[in-house]
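Asks: Sequence plus the predicted model coming up.
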Amino acid sequence: MKQSKWLFLFLVPGLIFYLTFFIYPTFSALFYSFTDWDGLSPSFNFVGFENYQNIITNDSIFVKALTNNVKFMLFVVFFQTVLSLLFAIYLVRNTKVNVFLRALYFFPTILSSVSVAFIWSFVYDPNLGLLNTILREINLDSLALNWLGDADIAIFSIAVVQVWFHTGQMLIVFVAGLQAIPDDLYEVAKIEGANRWQVFRKITWPLLAPSATIVIAYTTIQSFKAFDLIYSMTRGGPNYATEILATLIYSTAFRSFKFGYASAESIIFMIVIALITFLQFRVLRANRVEY
């Protein structure tokens with residue numbers, strides 16, 4: 001019994017880390033969201049819910065950033081989930097070729113976001129970029145666009161980079177989920193004459209729900225926190241076309257020195273992520289099958 005009491009001491013370092021880097025900053029942001037603090041002055045004024053009211057009713061840039069974030073998130077979640085699942089289905093067997101291809105697809109994940117941003121900025125360059133050069137070489141000049149300079153497509157161009165960046169990471173999660181499904185179920189389905197689509201719909205996808213939940217939730221959070229990739233590629237431009245909540249909060253705090261206002265934005269940001277993730281878990285859990 002005395003030994004078990006001492007075991008709780010092992011929780012102390014993690015608890016200190018959690019309190020210091022999560023709980024304290026969260027409550028500090030909540031506190032400053034009710035002030036007009038500029039981040040530098042030792043004094044500030046309490047403004048109540050004024051920051052929140054301005055964000056919700058008068059801040060068109062915040063609405064634009066939120067809209068961009070939702071577009072970015074939907075694109076990335078859909079394509080990254082579908083692609084990683086398809087790759088996982090075809091690479092689920094532990095053959096030498098499959099293991100090599102999994103490692104190859106996973107490789108971009110180990111690169112830094114800034115490195116990926118510079119690589120794809122070159123690919124998307126309208127004059128000398130690899131993508132437009134290839135399109136011109138195959139006589140598709142009409143498709144050679146200013147991928148990061150066109151406000152209509154810039155956010156989706158970066159979303160493609162995000163999908164390329166992290167699909168290999170989610171592939172590993174799906175492979176683990178697929179390998180955990182008993183082979184007996186597939187053998188029974190084959191004996192019963194089920195086709196591939198029926199097997200996927202009735203066996204694979206329901207039993208893959210726990211892995212899909214992890215992939216979709218993690219991808220959603222990644223999409224809302226893609227600050228370094230977007231800031232390195234476009235800094236939110238052109239004309240706020242690629243501004244997301246993370247880059248907007250940074251600009252509000254460290255460019256405009258409105259730390260109180262940025263704190264209010266960050267609290268709303270946190271609530272939005274929590275609500276979307278909660279809804280995703282509810283929807284996916286409703287279709288979850290235990291075995």
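Replies: Arrived safely. Numbers count the residues shown, from 1 in each chain.
Asks: My read is that Asn239 contacts Ala151, right?
Replies: Yes. Between Asn239 and Ala151 there is a contact under CB atoms under 8 Å: 5.8 Å. To be clear about C-beta, it is placed using only N, CA and C from the backbone, and glycine gets the same treatment.
Asks: More neighbours: which of those two?
Replies: The neighbour count for Asn239 versus Ala151, taken as other CB atoms under 10 Å, is higher for Ala151 (13 against 10).
Asks: quick one: what helix or strand has the spatially most central residue of the chain in it?
Replies: Centroid-nearest residue in the chain, with CA atoms, centre = their mean: Gln222, separated by 2.0 Å. Assigning secondary structure by DSSP states H and E places Gln222 in helix 209-224.
Asks: Same question for that helix: list its buried residues.
Replies: By 16 or more other CB atoms under 10 Å, the buried positions in helix 209-224 come out as 209-220, 222-224.
Asks: as a whole number, average confidence for that helix?
Replies: Helix 209-224 carries an average pLDDT of 89.
Asks: Identify the residues contacting it?
Replies: The contact list for helix 209-224 (CB atoms under 8 Å, 6 or more residues apart in numbering) reads 69, 72-73, 76-77, 80-81, 84-85, 162, 166, 170, 173-174, 176-178, 205, 244-246, 269, 272-273, 276-277, 280-281, 284-285, 287-289.
Asks: what do you get for stretch 262-276?
Replies: By CB under 8 Å, 6+ apart, stretch 262-276 touches 26, 28-35, 37, 51-52, 55, 62, 66, 73, 220-221, 224, 245-246, 248-250, 252-253.
Asks: go again using 6 Å as the cut-off
Replies: 29, 32-33, 51-52, 55, 220, 224, 245, 249, 252-253 (CB atoms under 6 Å, 6 or more residues apart in numbering).
Asks: Closest one to Asn98 out of the residues you listed, please.
Replies: Set against Asn98, the nearest of those by CB to CB is Thr220 (28.0 Å).
Asks: ok, so what distance separates the closest one from Asp150?
Replies: According to CB to CB, to the nearest Å, Thr220 stands 26 Å off from Asp150.
Asks: same question, Leu66
Replies: Leu66 is 21 Å from Asp150, by CB to CB.
Asks: Those two: which is more packed in?
Replies: Leu66 (21 against 14).
Asks: Before we move on, what's the pLDDT of that one?
Replies: The model's pLDDT for Leu66 equals 94.
Asks: measure it to Tyr52 for me?
Replies: 14 Å.
Asks: Then Ile110?
Replies: For Ile110, the distance to Tyr52 - CB to CB - is 40 Å.
Asks: More neighbours: which of these two?
Replies: The residue with more neighbours, out of Ile110 and Tyr52, is Tyr52; 17 against 9, by other CB under 10 Å.
Asks: which SS class is that one?
Replies: helix (DSSP: H, G, I helix; E, B strand; the rest coil).
Asks: Repeat that for the one 3 residues further on.
Replies: Taking three-state DSSP as the rule, one finds Ile55 in the helix state.
Asks: Who are the contact partners of it?
Replies: 62, 264.
Asks: okay, it: pLDDT?
Replies: So, for Ile55, pLDDT stands at 95.
Asks: average model confidence for the helix or strand in which Ser251 is found?
Replies: Using DSSP H and E, Ser251 sits in helix 245-254. Mean pLDDT, helix 245-254: 94.
Asks: Quick check: what element follows it along the chain?
Replies: With DSSP H and E, the next secondary element past helix 245-254 is helix 259-286.
Asks: List the buried residues of that next one.
Replies: 259-269, 272-273, 276-277, 280, 284.
Asks: How far away from the center of its chain is that helix?
Replies: 13 Å (CA atoms, centre = their mean, to the nearest Å).
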